[in-house]
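Q: Please work out how this folds:
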Amino acid sequence: MKRTTKQNVLLAFKGMAMGAVELVPGVSAGTIALLTGIYEEFIDALKAFSTVFPILKNDGIKGAWNHINGSFLVVLCAGMAIGIVTLLKLIKYLLEFQSIPIWSFFFGLIIVSSIFVGKTVVKWRAPQVIALIVGTVSVYLITGSAPVEASTSLFFVFAAGMLAICAMILPGISGSFILVLLGMYIYIIESLSEFNYVVLLVFGLGCIIGLVSFTHLLSYLLKKHHDITLALLTGFMIGSLNKIWPWKRTLSTMVDRHGETVPKIQENILPQSMEVDPQLGVAIACAVAGFLLIFVIEKIAEKQNSST
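A: Numbering: from 1, shown residues only. Prediction:
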């Protein structure tokens, strides 16, 4: 699909949003891709890498570039990189010092996102409803799980890479959150900072194999069972609300790689149960802001689709 300059700029902004939300544990880049109408194109482009070498041999660089939808991936990934670099410090600050407003913003964003994505299901019948329930319950249980003790075996590192990359693609679950659940987040971060090339190589190999195999599966499901798959993905988004509920009580803590004490296990509570100011008015305003942002994005997407 050949895009105009205006469409590429919009695609870059979508990439920026995907990069920014990946910085927030429990919020996935797949959610933004699904909402902004590029999810299936994104999955197909990633899937194409598994068959790029025969194309490169027969049709050259240009043929391989078109096969993987290279222009789309370059613009999108550039946007993601810009989003991560420019918003990293801001989101880190907000999560640390303004946690209730930022979680409220994403709570409103995910609620309205799940509604808009659910509307793309052509017909809601029993299989679609079952898929919605399964998706919701499974992610609800995952996000409520306590982190396990980490294993540093290379097989576990490989498996963690496969699971983390799959979670990044799926709406409602972030790769970083899966690493936290597996007890691997700190170990992988330390391996990056110390450049432990053996661990990083095994982890990267797991990511690559997981990416190739999982994108094939997702692409097949979206083509052959479109409505059921979208209903399942909508359920994933609804289930993730358990993780991003703004008001929480910390039950246990752990020490991160910087020697700082951070929450390990938390439970959701009502605003009035908070021991500090629940910031209810600010939280509602931020949730509405998240709602309005998605509403505007949806309207822009509708306008773009009607003009093509």
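Q: So which bits of stretch 151-159 are buried?
A: In terms of neighbour count (16 or more other C-beta atoms under 10 Å), stretch 151-159 has its buried residues at F156, V157, F158, A159. The way it works is simple: take the backbone N, C-alpha and C, and place the C-beta from them, glycine included.
Q: ok, I209 - contacts?
A: For I209, the residues meeting the contact criterion (C-beta atoms under 8 Å, 6 or more residues apart in numbering) are M162.
Q: returning to what we had before: export the buried residues of stretch 151-159 to TSV and tack on distance to L141?
A: TSV is the format used below for the buried residues of stretch 151-159 (distance: C-beta to C-beta, whole Å):
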residue	distance to L141
F156	21
V157	24
F158	24
A159	19
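Q: which one of these is nearest A64?
A: F158 (27.8 Å; C-beta to C-beta).
Q: Please give the element, helix or strand, for that closest one.
A: Here F158 is covered by helix 154-169, with elements defined by DSSP states H and E.
Q: Against which helices or strands is that helix packed?
A: Judged by 3 or more C-beta pairs under 8 Å, 6 or more residues apart in numbering; DSSP states H and E, helix 154-169 is in contact with helix 29-35, helix 175-181, helix 185-194, helix 197-224.
Q: Of those, which is nearest S71?
A: Relative to S71, the nearest member of the helices and strands packed on helix 154-169 by C-beta to C-beta is helix 29-35, separated by 16.7 Å.
Q: what's in contact with the closest one?
A: Outside helix 29-35, the residues within contact range by C-beta under 8 Å, 6+ apart are 14, 17-19, 21-22, 39, 42, 80, 110, 113, 116-117, 168-172, 174, 233, 237, 240, 294, 297-298.
Q: After that helix, which helix or strand is next?
A: Past helix 29-35, further along toward the C-terminus, the next helix or strand under DSSP H and E is helix 39-47.
Q: So for that following helix, mean pLDDT?
A: Confidence over helix 39-47, taken as the mean pLDDT, stands at 88.
Q: what about that helix, distance to the chain center?
A: Taking the mean C-alpha point of helix 39-47 and that of its whole chain, the gap between them comes to 14 Å (C-alpha atoms, centre = their mean, to the nearest Å).
Q: quick check: angle from that helix to helix 154-169?
A: Here the directions of helix 39-47 and helix 154-169 differ by 150 degrees (axes from the mean of the first three to the mean of the last three C-alpha atoms, to 10 degrees).
Q: Tell me which other helices or strands helix 39-47 touches.
A: With contacts defined as 3+ C-beta pairs under 8 Å, 6+ apart, the packing partners of helix 39-47 are helix 29-35, helix 70-97, helix 197-224.
Q: Just the CA coordinates for the helix or strand just after it, please, in PDB.
A: Sequence order places helix 52-67 as the next helix or strand after helix 39-47, per DSSP H and E. The C-alpha atoms that make up helix 52-67 are tabulated as PDB, following Å, rounded to 0.1, in the frame of the first residue of the first chain:
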ATOM      1  CA  VAL A  52      11.900 -12.900   2.600                       C
ATOM      2  CA  PHE A  53      15.000 -14.700   1.600                       C
ATOM      3  CA  PRO A  54      13.600 -16.600  -1.400                       C
ATOM      4  CA  ILE A  55      12.000 -13.300  -2.500                       C
ATOM      5  CA  LEU A  56      15.400 -11.500  -2.100                       C
ATOM      6  CA  LYS A  57      17.100 -14.200  -4.200                       C
ATOM      7  CA  ASN A  58      14.600 -14.200  -7.000                       C
ATOM      8  CA  ASP A  59      13.400 -10.600  -7.100                       C
ATOM      9  CA  GLY A  60      16.200  -8.600  -5.500                       C
ATOM     10  CA  ILE A  61      16.200  -6.000  -2.800                       C
ATOM     11  CA  LYS A  62      13.200  -4.100  -4.300                       C
ATOM     12  CA  GLY A  63      11.000  -7.200  -4.400                       C
ATOM     13  CA  ALA A  64      12.000  -8.100  -0.800                       C
ATOM     14  CA  TRP A  65      11.300  -4.600   0.400                       C
ATOM     15  CA  ASN A  66       7.800  -4.600  -1.100                       C
ATOM     16  CA  HIS A  67       7.300  -8.100   0.300                       C
END
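Q: Fine by me, thanks again.
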